[in-house]
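> how would this look folded up:
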Amino acid sequence: MLPLLRKSAASRIVSLSSGLGSLTLTSDPGWEFAHLNLLAYNSSKTALNAMTVQFARELRDTPIKVTAADPGYTAADLNNYQGTRSVEQGAGVAVRLATLPADGPTGGFFDEDGPLPW
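Predicted structure coming up:
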């Protein structure tokens, strides 16, 4: 896909991550989801966050923006629709990142309120 992305004047790569992939948040016992020790899920999202950083660094001299989005606890198949957010609410941050302007951020992790810690 990278050759196709390079052809566009405004390509965006948005990875769908999770706060559960944040080492900072999950190591804080006061964080509301710190009790969720889902080894495979949390680890895969941490790895995805690391890939976001690496891709952003590799593509820093191009117009391609690379970001990771945390949709929040969204009702979906994965959690048997127990999430407190609708799919539309969860998609908001990904849509915003997919439509970043040319001077928008790259190499960051975001939720609907802004940047999140890795």
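> In three-state terms, label the closest residue in space to Lys65 that isn't next to it in sequence for me.
Nearest non-adjacent residue to Lys65, counting by Cβ to Cβ, 6 or more residues apart in numbering: Thr106, 4.4 Å away. Yep, even glycine has a C-beta here, placed from its N, CA and C like the rest. For Thr106, the reduced secondary structure class is coil; criterion used: DSSP: H, G, I helix; E, B strand; the rest coil.
> now Thr106: how far from Ala50?
According to Cβ to Cβ, to the nearest Å, Thr106 stands 15 Å off from Ala50.
> higher neighbour count, these two?
Between Thr106 and Ala50, counting by other Cβ atoms under 10 Å, Thr106 is the more crowded of the two (20 against 14).
> distance of that one from Leu59?
Where Leu59 is concerned, Thr106 sits at a distance of 8 Å (Cβ to Cβ).
> which neighbours do those two share?
Val66 (Cβ atoms under 8 Å, 6 or more residues apart in numbering).
> shaky segments in this structure?
Of all residues in the chain, none has pLDDT under 70.
> in it, which spans are helices?
2-7, 23-26, 39-58, 87-98 (DSSP state H).
> Would you quantify the distance from the residue nearest to Lys65 to Val53?
Using Cβ to Cβ, we find Thr106 at a distance of 10 Å from Val53.
> What of Ala98?
Distance, Ala98 to Val53, using Cβ to Cβ: 19 Å.
> And Lys7, by the same measure?
24 Å.
> Compute the number of surrounding residues for Pro63.
Using other Cβ under 10 Å: Pro63 sits among 14 other residues.
> returning to what we had before: would you turn the helices of the chain into JSON lines with distance to Ser15?
Listed next are those as JSON lines, based on distance: least, Cβ to Cβ, whole Å:
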{"stretch": "helix 2-7", "distance to Ser15": "14"}
{"stretch": "helix 23-26", "distance to Ser15": "16"}
{"stretch": "helix 39-58", "distance to Ser15": "5"}
{"stretch": "helix 87-98", "distance to Ser15": "9"}
